[in-house]
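J.: Dropping a prediction and its sequence here:
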Amino acid sequence: MPNITLRVDEEIIKKVRKIAIDRNTTMTAMIREFLQSEVEKMEIRKELAIKELEETFQQFSRDFGPRTWTREELHGR
């Protein structure tokens, strides 16, 4: 697993370490869980957007019947 380096204010680090101790975990685990949750939220938003778009396509699409023209006829070639 790759490592990353962050610059964070010392007071924030102290507070997060205390929270980690209270939760019986580590600051690294908390950061990892946070990042994973952000990825999961983004994936859920993406899936929802795709679903909404598909529903919109279904709602507004119309059947114009069989195509009776060719691409060349359409573009006057």
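T.: Now that the structure is in, tell me what you want to look at.
J.: Show residues contacting stretch 22-32.
T.: Stretch 22-32 is contacted from outside by 13, 16, 17, 19, 20, using CB atoms under 8 Å, 6 or more residues apart in numbering. C-beta coordinates here come from the backbone N, C-alpha and C atoms, glycine included.
J.: Tell me where the model's unsure across this protein.
T.: Residue ranges of the chain with pLDDT under 70: 77.
J.: one step back: which one of the contacts of stretch 22-32 sits closest to residue 71?
T.: Checking those against residue 71 by CB to CB gives residue 16 as the nearest, at 61.1 Å.
J.: Any chance of the backbone angles for the residue nearest to that closest one when sequence neighbours are not counted?
T.: Spatial nearest neighbour of residue 16, excluding adjacent residues (CB to CB, 6 or more residues apart in numbering): residue 27 at 5.2 Å. With angles defined as degrees, to the nearest 10, residue 27 sits at phi -60, psi -40.
J.: the strands in this protein, which residues?
T.: Shown for the chain, no strands are assigned by DSSP state E.
J.: I'd like to know which of the contacts of stretch 22-32 are buried.
T.: When burial is judged by neighbour count using 16 or more other CB atoms under 10 Å, the buried members of the contacts of stretch 22-32 are residue 20.
J.: Just name the closest of the contacts of stretch 22-32 to residue 6, please.
T.: residue 13 (9.5 Å).
J.: How much space separates the closest one from residue 45?
T.: 30 Å (CB to CB, to the nearest Å).
J.: Please report how far residue 59 lies from residue 52.
T.: Residue 59 is 10 Å from residue 52, by CB to CB.
J.: So for these two, which residue has more residues nearby?
T.: Between residue 59 and residue 52, counted using other CB atoms under 10 Å, the more crowded position is residue 52 (10 against 7).
J.: Now do the contacts for the more buried one.
T.: No contacts exist for residue 52 under CB under 8 Å, 6+ apart.
J.: Burial check on residue 31, number of neighbours?
T.: Neighbour tally, residue 31, other CB under 10 Å: 15.
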